[in-house]
Every structure is written in C-alpha cells, then in structure tokens.
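> have a look at this prediction, sequence included:
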Amino acid sequence: MQPDNPRILTINGGSSSIKFALFETRDPLKQILEGEIERIGLPEAALNVKGLGSADNFSQLVTAPDHSAAVGILMDWIEKHSEHSTLAAVGHRVVHGGPKYYKPERITAEILAELQSLIPFDPEHLPEEILLIEAFHRRFPDLLQVACFDTAFHHDLPRVAKMLPIPRRYEAKGVRRYGFHGLSYEFLIGELARLAGPKAAQGRVILAHLGNGASLAAVYDGKSVDTSMSFTPTAGVPMSTRSGDLDPGLSWYLSRTEGLDAQGFNEMVTFQSGLLGVSETSSDMHVLLGCETQDVRAAEAVALFCYQVKKWIGAFSAALSGLDTLVFAGGIGENAPIVRAKVCEGLKFLGIELEEKRNTANEGVISTADSRVAVRVIRTNEAWMIAKTVCRFLSLG
C-alpha cells in the first residue's frame with residue numbers, strides 16, 4: 001500500500017560520496033531536501049543536509065571509513081526523521097546496465113544477481129552501487145527500489161556510432177560504445193525544451209557535461225546520436241583523474257618498459273591521470289585556474305582539457321551536419337566562465353560567438369545576439385531525473 005503522501009528518495013553513490021535527495025510526488029515534482037555524505041574514507045567525512053526550512057539545514061562530521069558505514073549513517077538519519085514511513089520507493093543511479101538493462105527496473109534478487117555479473121563492465125562503480133542497494137534492502141525489506149541506468153539515454157545510438165573497431169566476436173559479449181551521463185543528458189534536453197521551446201530541443205544540439213567526470217553528447221531530435229564516453233566512463237575528454245582517449249599501444253609500451261600490468265594501467269588512467277596527472281598538483285579545475293599563471297603544469301592541464309573539449313565539439317558538429325545549440329553543464333561547465341571561453345575561442349566558423357559579460361555572469365544564454373549557435377548554461381539535476389523516472393515507472397504524480 002502506498003503512503004498517503006508518497007515520496008521518492010534518490011541515491012547517487014560516487015567513489016567517495018553518497019548524494020541523496022527527497023522528492024514529493026506531486027505535479028510538478030517537488031524536491032524537499034538534498035544531502036551528501038562526503039569524503040568517505042577520510043577523517044573529515046561529513047553529513048550535509050539542505051532542506052526547505054532553516055531547521056532542515058545542517059552539517060556534521062561523521063565516522064565513515066567506507067561506503068558500508070556511510071550508508072548506515074544515511075539510513076539511521078532516515079529512520080530518525082521518520083522519512084521511511086512516507087517513502088514510495090528509492091531510485092538508484094546505476095552507472096552501467098551492460099547490454100541487457102537500460103529501462104528502469106524494479107530491483108529484485110534476480111536483477112541484483114545480474115548486476116553482480118556485470119561488475120567486469122564497471123568495476124569502479126557497480127560494487128558500491130550494489131552495496132547501497134543491498135544495505136537498503138536489509139534495513140527496509142518492504143521498500144521498493146528502482147534502478148535508473150546512466151547508459152539509457154544512449155541505448156539507441158546509430159549502429160555506426162555504437163560499434164568499436166575490434167574483432168566482431170567481442171560485440172556478442174557486449175563490448176560496444178555505451179555512453180554515460182545519460183540521466184544528466186535527459187534532464188538537459190527536457191530543460192532546453194522548457195527554456196527555448198521544443199524546436200530547439202529537436203534541433204542539432206551538443207550537450208557538454210563537464211565536471212569531475214566529463215563527456216559530450218551529440219543530440220538530434222532529442223535523441224543521442226554520438227557521445228564521447230565509450231565502453232567505460234574513462235574514454236573521451238580528459239577529466240579530473242581519468243585520462244580520456246589514449247593510444248591503446250601505450251598499455252603494451254608501459255608493460256614492456258615499466259612492468260605495468262593491466263590492473264596498474266587501469267589504476268593509472270582512472271585515478272592518476274587527467275587534470276591531476278598533467279598538473280601533478282590537483283584534480284580540481286577551480287584550484288588549477290587559481291594557480292595557472294604561476295604554475296605552467298596547471299596551465300597546461302587547463303589548456304589540454306579545453307582543447308580536447310573543443311575538438312569534440314568540432315567532431316560532433318560534423319556528425320550533426322551543423323549545430324544549432326551548445327549547452328554547458330556540470331560543475332565546470334556551469335561555474336567556470338574561463339573554461340567556457342577557452343573552449344569556444346576560435347569556433348566562430350561554426351557560428352559560436354560568446355558575449356563576454358553574459359559568460360562571466362554565468363547567465364542562462366551566453367552567446368551574442370548575432371551568434372548563429374545559441375550557447376547556454378543549464379544547471380543539471382540528476383536527482384530530479386531519477387525521481388521523475390521512478391514516478392513514471394510507478395505511475396505516480
């Protein structure tokens with residue numbers, strides 16, 4: 001039986017954090033609080049909650065040496081505040097659904113076993129996501145849990161964009177381009193339609209989700225036609241600690257010269273590369289922008305990031321046979337005017353012209369009146385998209 005005022009809890013587990021949000025399933029969907037357990041595994045781990053009223057806002061240090069401890073703290077907080085009595089469901093962001101799962105799924109023992117078998121597809125995310133699901137089931141066995149897959153938006157990529165140029169036999173094992181940040185991209189296309197009208201959302205659009213993880217998607221008629229991430233989220237543009245695309249021969253070279261095995265190579269390209277690897281100081285774009293005039297390594301990390309994003313914009317403009325709208329989103333895309341300016345510099349031939357004052361002010365539209373391409377900044381909201389997906393799945397609201 002559903003509670004009288006059903007609510008949706010969304011869970012987005014990261015490598016060192018668990019983000020959560022609570023929504024009332026009214027029309028329109030209403031977020032009533034958000035929170036995060038951050039810095040999991042560090043002494044200064046903290047639980048932060050922000051609600052509609054000042055009494056709902058607080059931050060406190062917690063002891064969270066791992067995700068098991070962190071989710072326990074979260075569930076204790078939920079029980080203490082009686083939120084679980086009004087919950088209709090928990091929606092989980094699941095990064096990878098492999099070749100089988102892309103539509104939202106009610107999480108059963110069978111689905112959970114299938115997700116366990118998919119861990120080789122995404123060993124960096126799936127184990128923690130499964131841990132969170134199992135922990136909620138143990139504490140709240142009657143609470144419905146729904147998996148929302150981050151690959152879903154890209155499921156119907158054109159075949160030519162989906163294929164990888166390796167022996168065809170691997171395709172039968174599910175090795176292909178999947179793409180990620182799908183929940184963000186689905187939200188952004190919906191917001192673009194709301195802000196600029198359906199015609200804009202159905203046109204030739206490049207979405208640039210630039211944050212700790214960064215990717216771009218080429219979208220036409222509201223559908224993904226290509227994306228920079230591939231079989232794993234490590235592909236594409238350089239990120240905070242991920243390398244992005246590399247010459248595959250580098251793995252063999254480092255194996256011969258450094259004795260670096262496959263696991264070591266994966267550790268390097270996933271956790272030690274990108275902005276951190278090039279700058280040798282920080283994976284945080286804000287920190288690097290603050291010291292790039294004094295530190296050539298920071299300046300080169302910023303320059304490489306912006307250059308690679310620019311290249312993907314050019315490539316996707318070709319894939320779309322032109323461009324009508326460019327959208328910046330994500331922590332960097334939404335908050336770093338300098339990065340947006342560096343990315344768009346020299347792209348006037350594509351019709352992209354930024355208005356400096358609008359860009360500096362992080363306005364919603366940052367292109368000039370004469371720009372043939374509308375350039376927008378849209379704040380993404382994956383939690384809202386998860387809640388919306390769960391509501392549609394359960395026919396709520």
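Noted; the coordinates are in hand. Note that the structure is predicted; figures quoted are calculated from it, not measured. Numbers count the residues shown, from 1 in each chain.

> from His92, how far off is Ala64?
19 Å (C-beta to C-beta, to the nearest Å). Any C-beta I mention is one placed from the backbone N, CA and C, and that applies to glycine too.

> and if you look at Thr257?
Taken as C-beta to C-beta, the span from Thr257 to His92 is 42 Å.

> in the helix or strand containing Leu183, which residues are buried?
Assessed by DSSP states H and E, Leu183 sits inside helix 182-196. Applying a neighbour-count criterion of 16 or more other C-beta atoms under 10 Å, one finds Gly182, Leu183, Ser184, Tyr185, Glu186, Phe187, Leu188, Ile189, Gly190, Glu191, Leu192, Ala196 buried in helix 182-196.

> you'd agree the first one is up against Ala152?
Same thing as Gly182. Yes: the criterion here is C-beta atoms under 8 Å, and Gly182 meets it with Ala152 at 5.0 Å.

> rewinding a little: more neighbours, Thr257 and His92?
His92 (24 against 8; other C-beta atoms under 10 Å).

> tell me the phi and psi of the most centrally placed residue in the chain?
For the chain, the residue nearest the mean C-alpha position is His181 (4.0 Å; C-alpha atoms, centre = their mean). When quoted as degrees, to the nearest 10, the phi and psi of His181 stand at phi 60, psi 20.

> against Tyr307, how distant is it?
Distance, His181 to Tyr307, using C-beta to C-beta: 21 Å.

> which element is the closest residue to Phe265 other than its chain neighbours on?
For Phe265, ignoring the flanking residues on the chain, the nearest one in space by C-beta to C-beta, 6 or more residues apart in numbering is Ser251 at 5.1 Å. Counting by DSSP H and E, the element that carries Ser251 is helix 249-258.

> what helices or strands is that helix leaning on?
Judged by 3 or more C-beta pairs under 8 Å, 6 or more residues apart in numbering; DSSP states H and E, helix 249-258 is in contact with helix 262-271.

> mind exporting whichever helix or strand comes after the helix it packs on as PDB, just the C-alpha atoms?
Downstream of helix 262-271, the next assigned helix or strand under DSSP H and E is helix 274-279. What follows is helix 274-279, C-alpha atoms only, in PDB (Å, rounded to 0.1, in the frame of the first residue of the first chain):
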ATOM      1  CA  GLY A 274      43.600  13.800 -16.400                       C
ATOM      2  CA  LEU A 275      43.900  17.100 -14.700                       C
ATOM      3  CA  LEU A 276      45.700  15.500 -11.700                       C
ATOM      4  CA  GLY A 277      48.200  13.700 -13.900                       C
ATOM      5  CA  VAL A 278      49.200  16.600 -16.100                       C
ATOM      6  CA  SER A 279      49.200  19.200 -13.300                       C
END
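
> which residues touch helix 274-279?
For helix 274-279, contacts defined as C-beta atoms under 8 Å, 6 or more residues apart in numbering pick out 238-244, 268, 282-285, 288, 295, 297-298, 300-302, 304-305.
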